[in-house]
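Student: below are the sequence and a predicted model for it; my questions follow.
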Amino acid sequence: MLDKGMSGEEIEKLRPSVIEKASGVVLEIGAGSGLNLPFYKNISKLYFLEPSKGLMEMARKRAKGITFPIEFLEAGAERIPLPDTSVDTVVSTWTLCSIDDAAKALREMRRVLKPAGQFVFIDHGISPHSFMRTLQKILTPIMRPWTGNCHLNRDIPALIEEAGFSIAQKDQFHERSHPLIFNTRGNSSLG
């Protein structure tokens, strides 16, 4: 269900704008079924972090024919099994909204990222409009079981900055096909 939900036309158009920024040794958190794999271009290695065995198996099938090395890590982002300062880029696409302890996951991402590294992301989150924020707050507990634990009302940019990242570029927008979903995409570095 998650694979289908995250492979809609509107989402597929947004993926390249995030993934094309990744370079060097890359860690993708909550990498799911591997929908981002075709968009990686200038990377030397991918650490593919995913806690779901089912999604990991789908990703392994999608990875056939990929020319860069991939290491599959069956783990959650709250405890990344990599050494400190070991990756150049951390990628998160529609993941921070669903991680139980997003603040802890962000601290882990910061830990494994090299000092000159970057964190690129796109995620669902809280709307800047008060009426929409109220609807998101009401609907989040109802929708979480059906949307892979997605919290429509998380303030993703605030969480990222609280973890010690500086957001260099940020773009916020609604998904036209889902009026309650508000996305933020951006590029961050260690603050």
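Tutor: Sure, I can see it. Numbering: from 1, shown residues only.

Student: how near is the closest residue to Thr93 other than its chain neighbours to Val26?
Tutor: Closest residue to Thr93 apart from its sequence neighbours, by Cβ to Cβ, 6 or more residues apart in numbering: Ile122 at 5.3 Å. Where you see a C-beta, it was placed from the backbone N, CA and C, and this is true even at glycine. According to Cβ to Cβ, to the nearest Å, Ile122 and Val26 sit 15 Å apart.

Student: more neighbours: which of the two?
Tutor: Applying other Cβ atoms under 10 Å to Ile122 and Val26 shows that Val26 carries more neighbours, namely 25 against 22.

Student: what helix or strand does the more buried one sit in?
Tutor: Counting by DSSP states H and E, the element that carries Val26 is strand 24-29.

Student: identify each buried residue in that strand, please.
Tutor: Val25, Val26, Leu27, Glu28, Ile29 (16 or more other Cβ atoms under 10 Å).

Student: just stretch 83-99 next, same as before
Tutor: 87-99.

Student: first to last residue in it, what's the distance?
Tutor: Start-to-end span of stretch 83-99 (Cα to Cα, to the nearest Å) is 21 Å.

Student: just the mean pLDDT for that stretch, thanks.
Tutor: Computed over stretch 83-99, the mean pLDDT rounds to 95.

Student: before we move on, what about stretch 123-132?
Tutor: Mean predicted confidence for stretch 123-132 is 86.

Student: I'd like the distance from that stretch to the chain centre, please.
Tutor: Distance, stretch centre to chain centre, for stretch 123-132: 18 Å (Cα atoms, centre = their mean, to the nearest Å).

Student: can you list the weak-confidence ranges in this structure?
Tutor: Within the chain, the stretches with pLDDT under 70 are 1-12, 174-180.

Student: longest helix in it, please.
Tutor: Looking across the chain with DSSP state H, the single longest helix is helix 130-143.

Student: who touches that helix?
Tutor: Ile126, Ser127, Cys150, His151, Leu152, Asn153, Leu180, Phe182 (Cβ atoms under 8 Å, 6 or more residues apart in numbering).
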